[in-house]
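[1] Sequence and predicted model, in that order:
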Amino acid sequence: MRVGMIFARSMVWHHSRVHRFFSAARWDTDVLGTVVIRLIVGWLVPMGEPLVIAVDDTMFRRWGRKVHGAYWGYDGSVKAPPNTAKISRGNSFVVAAVVVQLPLLDRPVALPVLMRLWHKGGPSKTVLARRLIHALANAAPGRRLHVVADSAYACNQMRDLPQQATVTAPMPSRASLWHVHPDVDNPPRLRGPGRPPGRRRPHRYPGAAGHRNARRGHVRHPVRPHGHHHRARAAVPVARRVRRPTGPRRRG
C-alpha cells in the first residue's frame, strides 16, 4: 500500500520538488518534531503511560572543507581493529528518540523526533540534550518523561529539568554516594561547643569504585578510612646490570 502511495505521488509531483524542499525551503525541525511527537503519543503510546526517551549523540560522516560544523570525533560505528581509536569526520548530532513497542515486532523501536547540531565553540552536548528534554516536555504536557542516556549525560547540566522528567544513566566508576542527614536543611540551633547534630557531615558510601576495590581484595585501613592495604606481592629476583669495560681486553 505504501509503495502504491509513493508511486501515485510520483506521478503527480516531480522528485526534484522533494529535494528543493529540504535544500532551499524554509522549515523548522522543532515544529516537524512536535507534530511527530503528537502522532506517536496519540497512536503508539497508551493513555497515561510515560514516554521513554533515549538521548545520545551520533556522527554523520561528511567530507569537505566547506561543511559546516564538521570535525574529527568519536564514531562508534567505525569498524576498527582492537586498541584503535574509532574516529571519523562529520557532523555530530544530539538526538532524542521516543522508545515505543510496535505490535509487529517483539523488540522496542526508537523513533527519532528532535535533534541538535553540536559544533566547536557552541553549547555542550549535555546542554543540547537538556534543551531537547524541555522541548519534549512542552510538546507532550501531562506526560511523564523517562530519559535514558549513557554516563556522559549524568552530569550537573541535567539538574535543571522539568518536574515530570527523570534521567537514568550508568553511574561513573569514580562516583561517590552520600547519605544526607534528614535535618540538614533545617538544623536545630544549639549553643555551645561542638557541631550541632543537624550539621553533621553526611555519611559517605564507597560507591562504584569502592565496591570494585572490595571485590579485588583491597582492605580499608582502620585508622585511615581513605587508605588501602594491597596484598603483598611475592619477591621477584632482580638481575643487576654490570657495565663492561671500554678498554682492550686482557689475555691470561
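    Cool, got the structure.

[2] just checking, next helix/strand downstream of whichever strand in the chain runs longest?
    When the chain is scanned for its longest strand (criterion: DSSP state E), the result is strand 87-100. Downstream of strand 87-100, the next assigned helix or strand under DSSP states H and E is strand 109-118.

[3] what mean pLDDT does that next one have?
    For strand 109-118, mean pLDDT is 95.

[4] Any buried residues in that strand, and which?
    A110, V113, L114, M115, R116, W118 (16 or more other C-beta atoms under 10 Å). C-beta coordinates here come from the backbone N, C-alpha and C atoms, glycine included.

[5] mind listing what that strand pairs with, with the direction of each?
    Paired with strand 109-118 in the same sheet, following DSSP bridges, are strand 87-100 (antiparallel).

[6] What average pLDDT does the strand it pairs with get?
    The pLDDT scores in strand 87-100 average 94.

[7] And stretch 54-70, by the same measure?
    Mean predicted lDDT for stretch 54-70 stands at 89.

[8] Not counting its own residues, what contacts that stretch?
    73-77, 88-99, 110, 117-119, 125, 129, 132-133, 147-150, 153 (C-beta atoms under 8 Å, 6 or more residues apart in numbering).

[9] hang on, the earlier thing: any chance of the buried residues of strand 109-118 in CSV, plus distance to T166?
    Below are the buried residues of strand 109-118 laid out as CSV (distance: C-beta to C-beta, whole Å):
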residue, distance to T166
A110, 18
V113, 18
L114, 18
M115, 22
R116, 21
W118, 24
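
[10] what's the closest of those residues to L39?
    V113 (9.6 Å; C-beta to C-beta).

[11] got the contact list for that closest one?
    Contact analysis of V113 by C-beta under 8 Å, 6+ apart lists G33, V36, I37, I40, A96, A97, V98, L136.

[12] Pop the domain breakdown of the protein in here.
    Annotated domains of the chain cover 26-170, 172-185+199-220 [automatic domain parsing].

[13] Quick check: end-to-end length of the first one?
    Distance across domain 26-170, first residue to last, is 39 Å (C-alpha to C-alpha, to the nearest Å).

[14] low-scoring stretches of the stretch 101-250 of the chain, by residue?
    174-250 (pLDDT under 70).

[15] Chain neighbours aside, what residue packs nearest to L102?
    Using C-beta to C-beta, 6 or more residues apart in numbering and skipping residues adjacent in sequence, the residue nearest L102 is V109, 5.6 Å away.

[16] where exactly do the helices run in this structure?
    2-12, 16-23, 29-43, 125-139, 207-215 (DSSP state H).

[17] give the contact list for the closest residue to A154 other than its chain neighbours.
    Of all residues not flanking A154 in the chain, A169 sits nearest, at 3.8 Å (C-beta to C-beta, 6+ apart). Shown in contact with A169 (C-beta under 8 Å, 6+ apart): V148, A149, D150, S151, Y153, A154.

[18] same thing but at 10 Å, please
    V55, V147, V148, A149, D150, S151, A152, Y153, A154, C155, M158 (C-beta atoms under 10 Å, 6 or more residues apart in numbering).
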